[in-house]
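Give me a model of this one.
(chains A and B)
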Amino acid sequence: AQKVTQAQTEISVVEKEDVTLDCVYETRDTTYYLFWYKQPPSGELVFLIRRNSFDEQNEISGRYSWNFQKSTSSFNFTITASQVVDSAVYFCALSEETSGSRLTFGEGTQLTVNP
Amino acid sequence: NAGVTQTPKFQVLKTGQSMTLQCAQDMNHEYMSWYRQDPGMGLRLIHYSVGAGITDQGEVPNGYNVSRSTTEDFPLRLLSAAPSQTSVYFCASISAPPFEQYFGPGTRLTVT
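Prediction:
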């Protein structure tokens, strides 16, 4: 069965600090997809990134970067030079090829960036 | 192109009442899902559909019914609301692999 663990329930940083959100997953499939979503205080779910299991390249998008390591079953998310607008709940999620469209979410990490 | 729409945005029900949460998508996706979000628990899958006429249970299906008569619509029915169903409900329309999920804005439901 698929499982996603986000061990950090809450993180609080001061603006301009770098912060890394951890995500560890479990799956028996060789083909799977990993996602990160942002949920700001307004409540909507904002898609940030998708990574396929066969593509271990790290990705950088502006201040955001993702480190995918199959050896440790981790898909960590780093925000560089954090800003107050980054304050949100961040979810990591997993879908397996065999489970199709069913997405398993981690419990989320509440990030608070203080001015 | 509206994407995924959900109605209503907010709803208060009394225990035992019934209601239907509406979800519609205009992306012609075969896959759709319903999730509920409770504090500290992330999102959990209630029911999902892989095409018109085909539905199946997710992780927390009890107390909910679904049907999928058209590709566009995937309503979620609460037959007899209970306070444990107080939650935020998200509908998702999902692309073919790699299963990118497009979420609606959510419905905040309170059962008293």
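
What segments of chain B are strands?
Secondary structure of chain B, counting by DSSP state E: strands at B:4-7, B:10-13, B:19-25, B:31-37, B:43-51, B:54-57, B:64-66, B:76-78, B:87-94, B:101-103, B:107-111.

Distance to chain A, mean pLDDT and mean neighbour count added to those strands, as CSV?
Placement of C-beta: from N, CA and C, glycine included. Converted to CSV, these look like this (distance: least, CB to the nearest CB, whole Å; pLDDT from 0 to 100; neighbours: other CB atoms under 10 Å in any protein chain shown):
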stretch, distance to chain A, mean pLDDT, mean neighbour count
strand B:4-7, 10, 96, 17
strand B:10-13, 11, 97, 14
strand B:19-25, 13, 97, 19
strand B:31-37, 4, 96, 25
strand B:43-51, 4, 95, 21
strand B:54-57, 9, 94, 14
strand B:64-66, 14, 97, 19
strand B:76-78, 16, 97, 18
strand B:87-94, 4, 96, 24
strand B:101-103, 4, 93, 21
strand B:107-111, 8, 97, 18
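
could I get the ones you listed as TSV with distance to residue A:78?
Formatted as TSV, the strands of chain B follow (distance: least, CB to CB, whole Å):
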stretch	distance to residue A:78
strand B:4-7	29
strand B:10-13	36
strand B:19-25	33
strand B:31-37	25
strand B:43-51	23
strand B:54-57	37
strand B:64-66	37
strand B:76-78	36
strand B:87-94	26
strand B:101-103	23
strand B:107-111	32
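
can you pull the contacts of residue 66?
Because you didn't say which chain, this covers chain A. A:36, A:49, A:51, A:58-60, A:75-78 (CB atoms under 8 Å, 6 or more residues apart in numbering or on different chains).

Let me rephrase: I mean chain B.
B:34, B:46-47, B:49, B:55, B:74-77.

How about residue A:85?
Counting by CB under 8 Å, 6+ apart, the residues that residue A:85 touches are residue A:113.

So what does it look like in phi/psi?
Note on residue A:85: its backbone torsions stand at phi -70, psi -10 [degrees, to the nearest 10].

Residue B:83 reaches residue B:111, doesn't it?
Yes: counting by CB atoms under 8 Å, residue B:111 is a contact partner of residue B:83 at 4.9 Å.

Lowest mean pLDDT among the helices and strands of chain A, which one is it?
Taking mean pLDDT, DSSP states H and E as the measure, strand A:59-61 is the helix or strand of chain A with the lowest mean score, a mean of 86.

same for that one, what does it pack against?
On a contact count with 3 or more CB pairs under 8 Å, 6 or more residues apart in numbering or on different chains; DSSP states H and E, strand A:59-61 meets strand A:46-52, strand A:64-69.

coming back round to it: could you name every residue contacting both of residue B:83 and residue B:111?
residue B:15.

still on that earlier bit, can you check which of the strands of chain B gets nearest to residue A:4?
Between residue A:4 and the strands of chain B, the tightest spacing by CB to CB is seen for strand B:43-51, at 10.7 Å.

Could I get the contacting residues of the residue nearest to the spatial centre of chain B?
Of all residues in chain B, the one closest to the mean position by CA atoms, centre = their mean is residue B:34, 3.1 Å from it. Residue B:34 is in contact with B:21, B:23, B:45-48, B:58, B:64, B:66, B:74, B:76, B:89-92, counting by CB under 8 Å, 6+ apart.

could you redo the last one with a cut-off of 10 Å?
Taking CB atoms under 10 Å, 6 or more residues apart in numbering or on different chains, we find residue B:34 in contact with B:6, B:21, B:23, B:43-49, B:55, B:58, B:60-61, B:64, B:66, B:74-76, B:89-92, B:104.
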